[in-house]
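Visitor: Turn this into a model:
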Amino acid sequence: MDGTWFLSAGAFAIAMSATPGPNNAMVVASGATYGFTRTIPHMLGVAAGFPVMLVVLGTAGLPVLTDPRVHAVLKWVGAAYLLWLAWTIAGSDPDPAAPDAPAGTGRPFGFLQAALFQWVNPKAWIIAAGALATYTAQAEGASLTATLLLAILFGLVALPCLAVWTLIGVGTARILKTRRALRLFNLAMAGLLVASLVPALMG
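Guide: Residues are numbered from 1 along each chain as shown. Okay, the predicted model is just below:
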């Protein structure tokens, strides 16, 4: 694990954290509906939850990631939960009267909710499998160290990426001045969340 390893693993972590997926779609919708401050626990939950997931899976070993039974359970439990979340986002009713501090009906994700969500997030499993196979399996005699360093890298880059996506949601709420426009935006976010299921279910 030299400088090249850190550069490569860091670039991978940034690319995976910054690209669209369930986590980012959800914080965009949360930022638009509840504002930046109320979305912070959600962001922190993701930033902490995925690294913990990496460490647990890295410690358990790669076979659990390739077990077809694990993937089958993940696929359908994750799909059901993501559909429920999409329904919740679609039904959120933002109040555009105070664009600096949006307030929607219901509650945003909390820290523990967001952390536990990683275990039913298909994209999180795909990233974990790819990261562990690429950056720890070849770390001769130091796979645990590599796993911990990888988890730290993901933890460091996740929060800034999530913050940017949340600010996109907050900015959207300031542009869309009517409740109808914000509800249409949330419907679009719910649609993106459902669309993110397609690769997992097709696989």
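Visitor: Make sure residue 27 is actually in contact with residue 169.
Guide: Yes - between residue 27 and residue 169 a contact is recorded at 6.7 Å, counting by Cβ atoms under 8 Å. For glycine as for every other residue, the C-beta is placed from the backbone atoms N, C-alpha and C.
Visitor: Spit out the contact partners of the most centrally placed residue in the chain.
Guide: For the chain, the residue nearest the mean C-alpha position is residue 23 (2.5 Å; Cα atoms, centre = their mean). The contact partners of residue 23, by Cβ atoms under 8 Å, 6 or more residues apart in numbering, come to 46, 114, 117, 121, 123, 124, 162.
Visitor: Identify, from those residues, the entry nearest to residue 82.
Guide: Closest approach to residue 82 among these (Cβ to Cβ): residue 121, at 7.8 Å.
Visitor: quick one, phi/psi of that closest one?
Guide: phi -90, psi 110 (degrees, to the nearest 10).
Visitor: Before we move on, what's the pLDDT of it?
Guide: Here, the pLDDT recorded for residue 121 equals 85.
Visitor: For it, give its distance to residue 24.
Guide: 11 Å (Cβ to Cβ, to the nearest Å).
Visitor: Would you map the helices across this protein?
Guide: 3-18, 22-34, 36-60, 63-66, 68-90, 111-117, 122-135, 143-175, 179-195, 197-202 (DSSP state H).
Visitor: rank the ones you listed by pLDDT, which is bottom?
Guide: helix 63-66 (a mean of 61).
Visitor: Need the contact partners of stretch 3-16.
Guide: Residues contacting stretch 3-16 (Cβ under 8 Å, 6+ apart): 127, 130-131, 134-135, 146, 149-150, 153-154, 156-158, 161.
Visitor: now do 10 Å
Guide: Here stretch 3-16 makes contact (Cβ atoms under 10 Å, 6 or more residues apart in numbering) with 1, 50-51, 123-124, 126-128, 130-131, 134-136, 138-139, 146, 149-158, 160-161.
Visitor: Give me the buried entries from those.
Guide: Neighbour counting by 16 or more other Cβ atoms under 10 Å classes 1, 50-51, 123-124, 126-128, 131, 135-136, 139, 146, 149-151, 153-155, 157-158, 161 among the contacts of stretch 3-16 as buried.
Visitor: ok, residue 108 touching residue 31?
Guide: Yes - between residue 108 and residue 31 there is a contact under Cβ atoms under 10 Å: 9.2 Å.
Visitor: Those two - which one has more neighbours?
Guide: residue 31 (28 against 22; other Cβ atoms under 10 Å).
Visitor: What residues does that one make contact with?
Guide: 37-39, 42-43, 102, 108, 162-163, 165-173.
Visitor: at 8 Å what do you get?
Guide: Here residue 31 is in contact with 39, 165, 166, 167, 168, 169, 170, 172, 173 (Cβ under 8 Å, 6+ apart).
Visitor: No further queries at this time; thank you.
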